[in-house]
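3D model of this:
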Amino acid sequence: MKKSTEIVNNSEIHELDRGTASPKEKARRLKILNDNGAPYQSYEKRVAPALVNASIEIKRLIDRKITPALLSNIGQIMDQRFHDVYCDVKVYPNSEEEDEFIVDDDGEFNNNNLHVLVNFVISIPKDDSLDSMARATLISFFQKEDDWTASDQKISKLKKKLKLYDLLNIDVISEKMGNLPFNGFDTEGCGVELEIDCDGVIDTQFAKLKTAALGPEIQSKRLGKPNIPMELSTITTKNAKKEISVLIAKILDALDLKNIDPSKLKKTDNLYALCGYQDKTCLSLTQSIRMHFDVLAVIGAQEMVTVENAIDFAVETLEMREDD
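Model (predicted):
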């Protein structure tokens, strides 16, 4: 098969990851990639689990305050043309070389520079399109006042009122990344770049892509038969790997998330995803895990993001008590 003379650059691949490319453009890019012997793989298959989980957690942070603020004001921001928006976050290796997307044999990320791409995706009616001016207006809400270009007074007042540039910037993202536990990946000295962009998708595809942007759907894959026997033994450093999964399932059952099968949980499972991307449920889960070990909070501790992090927390807590 003859190779294509065209290429698909990283930004075009990122658009495939978001699912926002038009059907015609998607087909064109997929054909080029196939012709060049590098078939497209989904974001989740292309990067290490740690980066998928980082993407989920950064989006979770943004969806707490920033996305609702945008959603409440998107009509005014977009001159009443568009009325719905969601946030898509992907964390990539910061490299132009396609082979840098590959993870090593242990499934770990092999590059210590990260590119955090935050994309606010607008629902676009069939008879309209996202022009460069509308896109630039939204992006300007994340720029400091000194960096603003001329805009009407109403938009300027709204920028000052929302102060989104204080809620989402490189310092916020770097702090968040520093609090995330990357097992097998050292975050010290890690370079982080933040890119904030705006994209559009036809309104008939909006709801599906909004759900997909949350991250992989794992909850249904971890369900078992009703009334699964879940006897929780005293947790020790030796049995923590098994018993923490039981503890998680029992806590979720008490939170009315039934039939999670402990034997189906994987160490890389994101707890927020396991909770069906329900923030309050996940916060209750992680706090309940700490309370099980009589630990309300650990000053300076990293966040508990995955099943493996919960196991590590249990083992470290028990080891510290053994040393005492």
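
so what's residue 159 up against?
140, 141, 145, 148, 165 (CB atoms under 8 Å, 6 or more residues apart in numbering). All C-beta atoms are positioned from the backbone trio N, CA, C, and that covers glycine.

please apply the same query to residue 37.
residue 3.

with distance to residue 42, pLDDT and secondary structure added, can I get the contacts of residue 159 in TSV?
Converted to TSV, the contacts of residue 159 look like this (distance: CB to CB, whole Å; pLDDT from 0 to 100; DSSP: H, G, I helix; E, B strand; the rest coil):
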residue	distance to residue 42	pLDDT	secondary structure
140	32	91	helix
141	30	93	coil
145	39	71	helix
148	37	58	coil
165	32	93	helix
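
top of these by number of neighbours, please.
For the contacts of residue 159, the largest neighbour count, defined by other CB atoms under 10 Å, is 23 neighbours, found at residue 141.

C-terminal to the host helix or strand of residue 287, what's the next element?
Element membership for residue 287, per DSSP states H and E: helix 279-292. For helix 279-292, the succeeding helix or strand toward the C-terminus, using DSSP H and E, is helix 307-323.

now do the one helix or strand residue 194 maps to: distance to the chain's middle.
Element membership for residue 194, per DSSP H and E: strand 191-202. Remark: strand 191-202 is offset 13 Å from the chain centroid, using CA atoms, centre = their mean, to the nearest Å.

packing partners for it?
strand 113-124, helix 132-140, helix 170-179 (3 or more CB pairs under 8 Å, 6 or more residues apart in numbering; DSSP states H and E).

and it, average pLDDT?
On average, the pLDDT along strand 191-202 is 93.

okay, that strand in PDB with CA atoms only?
Output in PDB follows, covering the C-alpha atoms of strand 191-202 (Å, rounded to 0.1, in the frame of the first residue of the first chain):
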ATOM      1  CA  GLY A 191       7.500  20.400  33.400                       C
ATOM      2  CA  VAL A 192       3.900  21.200  32.900                       C
ATOM      3  CA  GLU A 193       2.400  23.300  30.100                       C
ATOM      4  CA  LEU A 194      -1.200  24.500  30.100                       C
ATOM      5  CA  GLU A 195      -3.200  25.200  26.900                       C
ATOM      6  CA  ILE A 196      -6.700  26.500  27.000                       C
ATOM      7  CA  ASP A 197      -8.700  26.300  23.800                       C
ATOM      8  CA  CYS A 198     -12.300  26.300  22.500                       C
ATOM      9  CA  ASP A 199     -13.900  23.800  20.200                       C
ATOM     10  CA  GLY A 200     -17.400  23.200  18.800                       C
ATOM     11  CA  VAL A 201     -19.500  20.200  18.100                       C
ATOM     12  CA  ILE A 202     -22.900  19.900  16.300                       C
END
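
report the buried residues of it.
192, 194, 196, 197, 198, 199, 200, 201, 202 (16 or more other CB atoms under 10 Å).

ok, now how distant is the last one from residue 29?
Applying CB to CB, to the nearest Å, one obtains 17 Å for the distance of residue 202 from residue 29.

before we move on, what about the fifth one?
Between residue 198 and residue 29 the distance is 20 Å, computed by CB to CB.

swap in the second one?
The spacing between residue 194 and residue 29, counted by CB to CB, is 25 Å.

same deal with the third one?
From residue 196 across to residue 29, the span is 23 Å (CB to CB).

so the longest helix belonging to the chain versus helix 170-179, what angle?
The longest helix of the chain (DSSP state H) is helix 49-77. Here helix 49-77 runs at an angle of 150 degrees relative to helix 170-179 (axes from the mean of the first three to the mean of the last three CA atoms, to 10 degrees).

ok now the following helix or strand past helix 49-77, how far from the chain's centre?
The C-terminal neighbour of helix 49-77 among helices and strands, as given by DSSP H and E, is strand 85-93. Centroid displacement of strand 85-93 relative to its chain, using CA atoms, centre = their mean, is 7 Å.

and for stretch 113-122?
10 Å.

circling back: so which of the helices and strands packed on strand 191-202 is the most packed in?
strand 113-124 (a mean of 21; mean count of other CB atoms under 10 Å).

within the sheet, what are the partner strands of that strand, with directions?
Sheet pairing of strand 113-124 (DSSP bridges) gives strand 85-93 (antiparallel), strand 191-202 (parallel).

any chance of those in JSON lines with distance to residue 154 as columns?
Below are the strands paired with strand 113-124 laid out as JSON lines (distance: least, CB to CB, whole Å):
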{"stretch": "strand 85-93", "distance to residue 154": "18"}
{"stretch": "strand 191-202", "distance to residue 154": "19"}
